[in-house]
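In: I need the structure of the sequence given here:
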Amino acid sequence: MSDEESEYLRLLPAVHASRSEDGTPSFVERYLMIAESLLGRRDGGEAGVQQGMAALLDALPSILSPRLSFLFPDSTELLPLIEVADTAAQFPLAPTEDVLEVLNHFLGIVPFVPPESLETLAVSKRRQRMSLILEPLAQLLEWLSGWIALVPIRDWSVDKRRDVLSRIMPLYRKRGTLEGLKGLMKAFFDNVVVDQNGKPTVWIKTDVVDMTPAQPIELGTNTTLAETASPKQEDPDNIVMPPVLLPVLDGMRPHSVVVGIYLNPNKYLIQAQLERLKSTMNSFVDEEKPVHARCSIIYVNNPDCLG
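Out: Numbering: from 1, shown residues only. So this is what the prediction gives:
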């Protein structure tokens, strides 16, 4: 038990808050120390002491959010990264380890290690420690996913789970539409990594293109079966549309879409891994496409064409 005076003493009358002449804590103060050890101080207490229940309750709304804002009080980013992008580095970036130690300070996932002792541990031990702290966080995010019927893909990182969770609800309202399919494909599968030099490396990039662009229905103008519409000029970075006239059925666009999936072969060197990914994406498109829509999937092994 700490020799520091209990913070709770200031809430008592002075007659109960005083110590003896030799500085020995009174019975009341020692008793309050028990509650203080359990509940903790609002500021987290002494350095190196696990956060108490009160501090944990203060941070609980943030802990139950993919944003985890209590870990990044000074950040202006929507979702600051927790995991290190370059796992081949000599050692993970210090900020990542600091963030995980803050999380551990609240939840007590692994035993506390003072910073000076942490620096003496072998790199393998420090990596293992961070993996143990990340594991309950991944389980928390999976539990949050269960509340909105989201099934995370097995090999998603913690940051990928946080990203999808943070923007999935607006996309749910668009399910069964072209915009919904496009948004869900980007959220689930797009993977563009920016290296230290600021250069983006595309591993996966998706696009959903409407093959039958036409004007919306206008009574007396385009409500006949013989009406036609020309495809609009698409962005050159997208899949090129065939230059033909397309039929309009009673002024409404018949759904026919192409899902373009650009894969970087440098990422998926193992063929079985690549085929498993394609199978996952095929099933996803079939599940999320608009009802009665004709949908084709094109795989392109040259993501650089997207710019």
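
In: Only C-alpha atoms from now on, for both contacts and neighbour counts.
Out: Fine.

In: can you confirm residue 206 is in a strand?
Out: Yes: counting by DSSP: H, G, I helix; E, B strand; the rest coil, residue 206 is located in a strand.

In: The residue lying closest to it once chain neighbours are set aside: helix or strand, and which one exactly?
Out: Nearest non-adjacent residue to residue 206, counting by CA to CA, 6 or more residues apart in numbering: residue 261, 4.6 Å away. Residue 261 is part of strand 256-263, with elements assigned from DSSP states H and E.

In: Could you tell me the angle between whatever helix or strand comes next after that strand and strand 256-263?
Out: Next helix or strand after strand 256-263 toward the C-terminus (DSSP H and E): helix 271-288. Here helix 271-288 points in a direction 150 degrees away from that of strand 256-263 (axes from the mean of the first three to the mean of the last three CA atoms, to 10 degrees).

In: Only alpha carbons, please: show helix 271-288 as CSV.
Out: The C-alpha trace of helix 271-288 is given here as CSV (Å, rounded to 0.1, in the frame of the first residue of the first chain):
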residue,chain,number,x,y,z
GLN,A,271,-1.9,-19.5,-55.3
ALA,A,272,-4.2,-21.1,-52.7
GLN,A,273,-4.3,-17.8,-50.8
LEU,A,274,-5.3,-15.9,-54.0
GLU,A,275,-8.0,-18.4,-54.9
ARG,A,276,-9.4,-18.3,-51.4
LEU,A,277,-9.6,-14.5,-51.6
LYS,A,278,-11.3,-14.6,-55.0
SER,A,279,-13.8,-17.1,-53.6
THR,A,280,-14.6,-14.8,-50.7
MET,A,281,-15.1,-11.8,-53.0
ASN,A,282,-17.3,-13.8,-55.4
SER,A,283,-19.6,-14.9,-52.6
PHE,A,284,-19.6,-11.4,-51.2
VAL,A,285,-20.7,-9.8,-54.5
ASP,A,286,-23.4,-12.4,-55.0
GLU,A,287,-24.8,-11.7,-51.6
GLU,A,288,-24.7,-7.9,-51.8
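
In: Buried residues, that helix. List them.
Out: Using 16 or more other CA atoms under 10 Å as the test for burial, helix 271-288 gives 281, 285, 288.

In: swap in stretch 106-123?
Out: Result for stretch 106-123 [16+ other CA under 10 Å]: buried residues 106-107, 109.

In: Stretch 138-155 now?
Out: Within stretch 138-155, judged by 16+ other CA under 10 Å, the buried ones are 138, 140-142, 144-145, 152.

In: Grab the longest helix from the chain for me.
Out: Scanning the chain for the longest helix, with DSSP state H as the assignment, gives helix 123-147.

In: which helices and strands does that helix pack with?
Out: With contacts defined as 3 or more CA pairs under 8 Å, 6 or more residues apart in numbering; DSSP states H and E, the packing partners of helix 123-147 are helix 94-107, helix 158-172.

In: Those: which one's closest to residue 131?
Out: helix 94-107 (9.5 Å; CA to CA).

In: Run through the neighbouring helices and strands of the closest one.
Out: Short answer (3+ CA pairs under 8 Å, 6+ apart): helix 94-107 packs on helix 53-63, helix 123-147.

In: Just want the angle from the longest one to helix 158-172.
Out: In this case it means helix 123-147. Using the same axes, to 10 degrees: helix 123-147 against helix 158-172 is 20 degrees.

In: Could you tell me the average pLDDT over helix 123-147, please?
Out: Helix 123-147 carries an average pLDDT of 89.

In: Residues contacting that helix, please?
Out: 64, 66, 91-92, 97, 100, 103-104, 109-110, 118, 151-152, 158, 161-162, 165 (CA atoms under 8 Å, 6 or more residues apart in numbering).

In: can you do 7 Å?
Out: 91, 97, 100, 104, 109-110, 151, 158, 161, 165 (CA atoms under 7 Å, 6 or more residues apart in numbering).

In: and residue 162, how many residues sit next to it?
Out: Applying other CA atoms under 10 Å, we find 24 residues neighbouring residue 162.

In: Now do the contacts for it.
Out: Residue 162 sits in contact with residue 66, where contact means CA under 7 Å, 6+ apart.

In: Which elements pack onto the helix or strand hosting residue 28?
Out: Assigned by DSSP H and E, residue 28 belongs to helix 27-39. Secondary-structure packing of helix 27-39 (3 or more CA pairs under 7 Å, 6 or more residues apart in numbering; DSSP states H and E): helix 53-63.
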